[in-house]
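Peer 1: quick one, what's the 3D model for this:
(chains A and B)
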Amino acid sequence: MIRSRPQRPACRQVAKRLVAGVAASAMLAGLTACGGGGTTVTETRPSGDAWAWNLPAFFPTPKVPADNPMTTAKVELGRHLFYDERLSGNGRQSCASCHRQALAFTDGRGTALGSTGEPHPRGAQHLSNVVYNATLTWANPSLVTLERQMETPLFGESPVEMGVNDANKDAVLQRLRDDAAYTARFAAAFPGDAAPVQWPHIIKAIASFQRALVSGNSLYDRYLQGVATLSPAQTRGMNLFFGEKAECFHCHGSFNFNDQIVHAASRIVETPFSNTGLYNIDGRGGFPDGNRGVFELTARADDMGKFRAPSLRNVEVTAPYMHDGSIATLAEALRFYAAGGRHITSGPLAGDGRANPYKSDLISRIDLSEQEQADIVEFLKSLTDHDFLKDTRFADPFAPR
Amino acid sequence: MKTTHTTRLALTLAATAAALVACGGGGGDDGPQAVTLEFAAVSGATAVKCGTLVTALGSPAVDAQIKDFRLYVSNVQMVKADGTKVALTLGANDDWNLTSGDNRMTLIDLEDGTGSCAGGTAATNALIKGTVPAGDYVGVELTMGVPFALNHSDYATATKPLDIQAMAWSWQSGRKFAKIEVTDPAGATGTWTANTFNFHLGSTGCTGNPASGQTVNCLTPNRMTFRLASFNPATQKIAVDIKALVAGTDITRNQAGAPGCMSGGTDPECLKVFEALAIDWKADGTGTGLPLAGGAAQTLFKAIAK
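Peer 2: Alright, predicted model coming up:
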């Protein structure tokens, strides 16, 4: 499942991991990645500022933009900003309002609500391992960096999410400038800048915090490392998941359980989007207006209903499912995939999604017994990283302790 | 108002330039001549502005208030009688103008943040000022849009005038080329079923490269390039006609897609709007987003007397 052979930059990261004193399995990977030559590349930044990824050996080195290197100071600033309601126009919503750590940074809602109460047509996505996402949202091939993606929730107008606009964006900055704790954090994160409390720095800091949200310590991860065992049901589910019968792996087969991955050594990155047969409201493949996937951006018929396969890490806690939250439980999701789509028999969304002409050819009826479906659900629960869900490094710094 | 002085000065400069042209070069002055293009928001023959009722828009004809009226204009060229074109060189980069490499652009802002335009900005800009080599020019060619090389820059760090948040179009990682909006004059208690008719023009179907982090391609550019074949900047200005833009469209309701026309490839409210722009748009989403016949049939812009 390691998608690529780590190139030289990986050695640097591995060296850092060795310095950080991580496990023997990491050391093994380090030797392999560095060609056994014992190459060490030392980090030249001041040690207090260096960032050490805490990655399982089978995770590739993350890609980080050259103009926004990871530092502990920036990640910590980003964590504060992520949890700060002052960052919204009306001061009522933070990033964390829709991205709650206990839910792998989803909000438990089918579709999200913005700071002004305006509903979003789609659900807030989880942020586990978002550093590896090639595109960032449900169905937008144009958003390929966390820095750019973030401008949609911060500044977007339709719908309004955080509600920052030309009229209030200076006032929002001033709220932070008036807080001495913030000016110190900005100065630490962006040394040498006389006036560091600026939007580009806010965005870079939050992006750095998001990149730090690595989830790689689930039961399944520990099983891969040989330090834990899966239950019989989970093992059966795993074999189905990765086997030719259920074929879940076609879209969810990477180390991150999705099919859009970018990392430090990526050269060509594919960004597939798929129609899974959720709807067919007009008998011609139609999805509900405003939620037609990539079609909303391209107007190309072939893009109707195409959405990005999300990473299934921590999927146990990210219900409800699909872009619009229209599937409530994992058991229901398995029934949906086993049926090869969804047949809605009444109401305004009625239609046989199984017959959607734009449906991916990877989605077809699968003869999965209830037991087999339940086994796959059990396997999916092994992807929950309970440490990630309560890791204090990712927690709300403003919460009463 | 601040712009009045600016306008008056520009008129003087433009008139001077025109005078030089009229002399037929007899003075031997081959130096650059100043050109000022002035834009004006109109509805048919009537000037419009924020806070003043605009009558008889769309089909059926209804009254409306302007809510926004901003557009990016790029790569202006003055056209000679023989059809040759000369680029208008802008002055120094400032709040409204940007020259970057071969690309030149200006934000035209015809809303002043008052009345129904409360979401806008107080500052306005109706002018593009620049220079061309001395010569006899009979027309002007320009593009409503942001050049691709500048369009997908990061708004948080972008140079003026690409830093205006309202003109950002994050869903396509680009800019709104135009943001022209009209709203129900009765506000929230009005009778329009969709309270505001939004016209947002921009490139759609854009794709990024996750490996480079850059936007690499847009299926549908939607840049409106057109020519006013007969245009004298000394005596005329360029009218942007809201009535022509929404002609044939019912602005009080939204049949489907985004409220109004936000350049959606199959949004029914875009059919007549894109006709006015003379940009290729087809109801089945197969439009190319390219000007039709050089934009010859466009009706949004027209030359009117100052």
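Peer 1: what helix or strand is residue B:199 located in?
Peer 2: Take DSSP states H and E as the rule and residue B:199 turns out to sit in strand B:196-201.
Peer 1: partners of the very next helix or strand once past that strand, with directions?
Peer 2: Downstream of strand B:196-201, the first helix or strand assigned by DSSP H and E is strand B:204-209. Strand B:204-209 sits in its sheet next to strand B:214-220 (antiparallel), going by DSSP bridges.
Peer 1: which other residues reach the partner strand?
Peer 2: For strand B:214-220, contacts defined as Cβ atoms under 8 Å, 6 or more residues apart in numbering or on different chains pick out A:142, A:144, A:298-300, B:148, B:151-152, B:172-174, B:203-209, B:263, B:265, B:287-289. C-beta coordinates here come from the backbone N, C-alpha and C atoms, glycine included.
Peer 1: next one, pLDDT for residue 48 please.
Peer 2: Just going to use chain A. With respect to pLDDT, residue A:48 scores 46.
Peer 1: chain B is the one I meant
Peer 2: pLDDT for residue B:48: 97.
Peer 1: just the pLDDT at the residue in chain A that chain B sits nearest to, thanks.
Peer 2: Here chain A gets closest to chain B at one residue, residue A:299, 2.1 Å apart by Cβ to the nearest Cβ. Per-residue pLDDT puts residue A:299 at 94.
Peer 1: now do the contacts for it.
Peer 2: B:204-205, B:220, B:264-266, B:285-287.
Peer 1: which SS state does the closest residue to it other than its chain neighbours fall under?
Peer 2: Leaving aside its sequence neighbours, residue A:299 sits nearest to residue B:265 (Cβ to Cβ, 6 or more residues apart in numbering or on different chains; 2.1 Å). Secondary structure state of residue B:265, per DSSP: H, G, I helix; E, B strand; the rest coil, is coil.
Peer 1: count of neighbours near residue B:265?
Peer 2: As a burial measure, residue B:265 scores 26 neighbours (other Cβ atoms under 10 Å in any protein chain shown).
Peer 1: surely it and residue B:202 touch.
Peer 2: No - using Cβ atoms under 8 Å, residue B:265 is not in contact with residue B:202, being 11.9 Å away.
Peer 1: need the pLDDT of the most centrally placed residue in chain B.
Peer 2: Taking Cα atoms, centre = their mean, the centroid of chain B lies closest to residue B:71, which sits 3.7 Å from it. On the pLDDT scale, residue B:71 is placed at 98.
Peer 1: for it, name its beta-bridge partners.
Peer 2: Beta-bridge pairing for residue B:71 (DSSP bridges): residue B:108, residue B:178.
Peer 1: just to revisit the earlier point, what pairs with the strand holding residue B:199, parallel or antiparallel?
Peer 2: Neighbouring strands of strand B:196-201 in its sheet, by DSSP bridges, are strand B:178-183 (antiparallel), strand B:260-261 (parallel).
Peer 1: ok, residues contacting that strand?
Peer 2: For strand B:196-201, contacts defined as Cβ under 8 Å, 6+ apart pick out B:58, B:64, B:67, B:71, B:144-145, B:169, B:176-184, B:222, B:224, B:245-246, B:249, B:251-252, B:258-263, B:269, B:273, B:277.
Peer 1: what sits against the closest residue to chain A within chain B?
Peer 2: Proximity of chain B to chain A (Cβ to the nearest Cβ) peaks at residue B:265, 2.1 Å away. The contact partners of residue B:265, by Cβ under 8 Å, 6+ apart, come to A:298-300, B:204-205, B:220, B:281, B:285, B:287.
Peer 1: likewise for residue A:348?
Peer 2: Residue A:348 makes contact with residue A:281 under the criterion Cβ under 8 Å, 6+ apart.
Peer 1: in a helix, that's where it is, yeah?
Peer 2: No - going by three-state DSSP, the assignment for residue A:348 is coil, not a helix.
Peer 1: phi, psi for it please.
Peer 2: Main-chain dihedrals, residue A:348, degrees, to the nearest 10: phi -70, psi -20.
Peer 1: do residue A:298 as well
Peer 2: Torsion angles, degrees, to the nearest 10, at residue A:298: phi -110, psi -20.
Peer 1: that one: neighbouring residues, count only.
Peer 2: 23.
Peer 1: quick one: it and residue B:205 touch, right?
Peer 2: Yes - using Cβ under 8 Å, residue A:298 is in contact with residue B:205, at 3.9 Å.
Peer 1: quick check: residues of chain B near chain A?
Peer 2: Residues of chain B lying close to chain A (Cβ under 8 Å from any Cβ of the partner chain) are B:119, B:121, B:154-157, B:164-166, B:168, B:170-174, B:204-211, B:213-215, B:219-220, B:256-259, B:262, B:264-266, B:284-287.
Peer 1: of these, buried ones?
Peer 2: Applying 16 or more other Cβ atoms under 10 Å in any protein chain shown to the residues of chain B next to chain A, the neighbour count classes B:121, B:154-157, B:164-166, B:168, B:170-174, B:204-211, B:213, B:215, B:219-220, B:257-259, B:262, B:264-266, B:285, B:287 as buried.
Peer 1: from memory residue A:183 sits against residue A:177, does it?
Peer 2: Yes - under the criterion of Cβ under 8 Å, residue A:183 is in contact with residue A:177, at a separation of 6.4 Å.
Peer 1: please enumerate the shared neighbours of these two.
Peer 2: With Cβ under 8 Å, 6+ apart, residue A:183 and residue A:177 have common neighbours residue A:197.
Peer 1: strands along the stretch 301-401 of chain A, start to end?
Peer 2: A:343-344, A:351-352 (DSSP state E, counting those that start in this stretch).
Peer 1: helix or strand: which one has residue B:273?
Peer 2: Applying DSSP H and E, one finds residue B:273 within helix B:270-277.
Peer 1: could you give the angle of that helix to strand B:178-183?
Peer 2: Per axes from the mean of the first three to the mean of the last three Cα atoms, to 10 degrees, the angle that helix B:270-277 makes with strand B:178-183 is 120 degrees.
Peer 1: could you say what helices and strands helix B:270-277 packs with?
Peer 2: helix B:242-245, strand B:260-261 (3 or more Cβ pairs under 8 Å, 6 or more residues apart in numbering or on different chains; DSSP states H and E).
Peer 1: need the residues that contact that helix.
Peer 2: For helix B:270-277, contacts defined as Cβ under 8 Å, 6+ apart pick out B:144, B:199, B:201, B:224, B:244-249, B:257, B:261, B:263-264, B:280-281, B:283, B:287, B:295, B:297-300.
Peer 1: so for whatever helix or strand comes next after that helix, what's the average pLDDT?
Peer 2: Proceeding N to C from helix B:270-277, the next assigned helix or strand is strand B:301-305, under DSSP H and E. Average pLDDT, strand B:301-305: 98.
Peer 1: buried by neighbour count: which residues of strand B:301-305 qualify?
Peer 2: Residues of strand B:301-305 classed as buried: B:301-303 (neighbour count, 16+ other Cβ under 10 Å).
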